[in-house]
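Engineer: my questions concern the predicted model and sequence given below.
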Amino acid sequence: MPLPPPFAERIGLACAGLVFVLASAILAGWALNHEGLIHAFLPGVSALPDTALGLLLGAIAVAAHIAGSSPALRRVSLAAAAGLTLLGALQSAEIAATLLHGSQAFHVNLLPEPPFQLPPSPQTGISLLLAGLALPLLAACGAKEPPPAPPRPVLVQPATPAGAAPAVYSGEVRARHEADLSFRVGGKIASRLVDAGAEIRPGQPLARLDPADLQLAVQAARAQVAAAESELTTARADRERYAGLLARKFVSQAAFDAKDNAFRNAQARLQQVSAQAETSGNQAGYGTLVADQAGVVTAVLADAGQVVAAGQPVLRFARPEEKEVAIAVPEGRVAELRAAKALAVGLWSLPQLQLKGELRELSPAADPATRTYAARIRIVSPPPEVRLGMTAQVSVGGATADAPLVVPLPAVADLGQGSFVWVVKDGKTERRPVQVAAFREDGAVIAGGLQAGELVVIAGALKLVPDQAVTAQPATPPARQR
């Protein structure tokens, strides 16, 4: 089991310090010819005890450090530690033999004796040299390996079939059936009972006008009806009386005819004011704006306190069961839109949702301000996530199944050995040589070397290396960048 790194490092540093101290003492004794330093507490033996102890401590230092970490120089350090231990054991045996027999009965000569005077043991120099080499290895092993670099984030985009670049039109999701609701009479709005986005049901009140003037008009119409009824009663009595007098020849025919005409006028007057009273009653009912069918309020065009005329829009109403996209088509694309066999509808806020569209309506005349033709694209089977007012894109045309692939221009790199792209697989990069057929405005057309749907790095291709750990982050689709 490895020792704890702090504890192993302390042992290694302490032993290394002792090795240096002992080696320095031996060198000082040789240089100054100091008997105390040379014999080092053991008479008759020159420097061997110190050297053996230093070698053993150096071996312990290297081994302790290796036990506490996992450096790249582990094998070299283990070999140096084994050599130091072997030399220390040999010299320890020589010391023991010298102490027991009083002379160097057991002696190991690693080097032949030179003609000039050297320290008593030539292997001492070799041992100290090995100890000096082991200590730098100990320092090298002490450097902790840096932590692995975190995966690098990269922008990726799947390779898609190329084909002709489709025409894309931006528009707004609208309801097929829309209407502006307004009062049938003028007046001051007393209250608004719904807000934008409210779902309404048939017969639900939406807003009310100030009823004071309308009620006065109803009362005036009723008074006129009462007056007309009274006039009719008088004219009927006069006609009946003159009819009796005419029968007894007391009045002339002309006098009777005048009363008869007055009676008929009273009847017509009563019918007139009765119709006016009924109209006034209806107008009083028109003071409340009522929904005649179910739907949703998409906009509020007038508020309480505002004086509106008859027919002025107050609320905008839509029936959301059928949805379509309102777009504007330039005159050069009208024929293409008419002949399109497939229309794709995408939503800005729901890029993963792809819907099918159909051309329902195309204006026969261009808008005088924009010089574009208004068109309505019906959304086939819209899901509930599609809401009125969303921003949508309508794509006309598209790629075929056998079309080559296209990738963004920054994804293709060339270092003089051919074009290549970086493909992300299992969180690592793979350098993939490709054959580029053409460079277009919307990207590079790939003729070979790449499969549809593979994730291609689209930024920083010259800063990656093979098998590099990366974190793939999807880039914004081209259709949403327009």
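Structural biologist: That came through fine.

Engineer: going forward, measure contacts between C-alpha atoms and count neighbours the same way
Structural biologist: Will do.

Engineer: state the mean pLDDT of stretch 219-228.
Structural biologist: For stretch 219-228, mean pLDDT is 91.

Engineer: in CSV, list the C-alpha atoms belonging to it.
Structural biologist: What follows is stretch 219-228, C-alpha atoms only, in CSV (Å, rounded to 0.1, in the frame of the first residue of the first chain):
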residue,chain,number,x,y,z
GLN,A,219,-87.2,56.2,-23.1
ALA,A,220,-87.7,58.8,-25.8
ALA,A,221,-88.7,56.1,-28.2
ARG,A,222,-91.1,54.6,-25.8
ALA,A,223,-92.7,58.1,-25.2
GLN,A,224,-93.1,58.6,-28.9
VAL,A,225,-94.9,55.2,-29.1
ALA,A,226,-97.3,56.2,-26.4
ALA,A,227,-98.0,59.5,-28.2
ALA,A,228,-98.6,57.7,-31.4
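
Engineer: now do the same contact list for the residue nearest to Gln224 when sequence neighbours are not counted.
Structural biologist: Spatial nearest neighbour of Gln224, excluding adjacent residues (CA to CA, 6 or more residues apart in numbering): Val273 at 6.0 Å. Taking CA atoms under 8 Å, 6 or more residues apart in numbering, we find Val273 in contact with 221, 224-225, 228.

Engineer: point out where this structure drops to low pLDDT.
Structural biologist: 1-147, 162-166, 397-403, 476-482 (pLDDT under 70).

Engineer: domain parsing for it?
Structural biologist: 5-142, 212-286, 403-481 (automatic domain parsing).

Engineer: can you get me the start-to-end distance on the shortest one?
Structural biologist: Okay, so that is domain 212-286. 13 Å (CA to CA, to the nearest Å).

Engineer: secondary structure class of the residue nearest to Glu229 when sequence neighbours are not counted, three-state.
Structural biologist: Of all residues not flanking Glu229 in the chain, Leu270 sits nearest, at 6.0 Å (CA to CA, 6+ apart). Classification of Leu270 using DSSP: H, G, I helix; E, B strand; the rest coil returns helix.

Engineer: so Leu270 makes contact with Ala228?
Structural biologist: Yes. Applying CA atoms under 8 Å, one finds Leu270 in contact with Ala228, separated by 4.8 Å.

Engineer: list of residues touching the longest strand seen in the chain?
Structural biologist: Assignment by DSSP state E gives strand 313-330 as the longest strand of the chain. Applying CA under 8 Å, 6+ apart, the contact partners of strand 313-330 are 169-183, 294-303, 371-379, 382, 388, 392, 394.

Engineer: which among those end up buried?
Structural biologist: 169-176, 178, 180-183, 294-300, 302-303, 372-379, 382, 388, 392, 394 (16 or more other CA atoms under 10 Å).

Engineer: among those, which are in strands?
Structural biologist: 169-176, 178, 180-182, 295-300, 372-379, 392, 394.

Engineer: where does Arg338 fall, secondary structure wise?
Structural biologist: Using DSSP states H and E, Arg338 sits within helix 334-339.

Engineer: how much space separates Pro320 from Ile379?
Structural biologist: Applying CA to CA to Pro320 and Ile379 gives a distance of 12 Å.

Engineer: what are the buried residues along stretch 305-312?
Structural biologist: Buried-residue list, stretch 305-312, by 16+ other CA under 10 Å: 308, 312.
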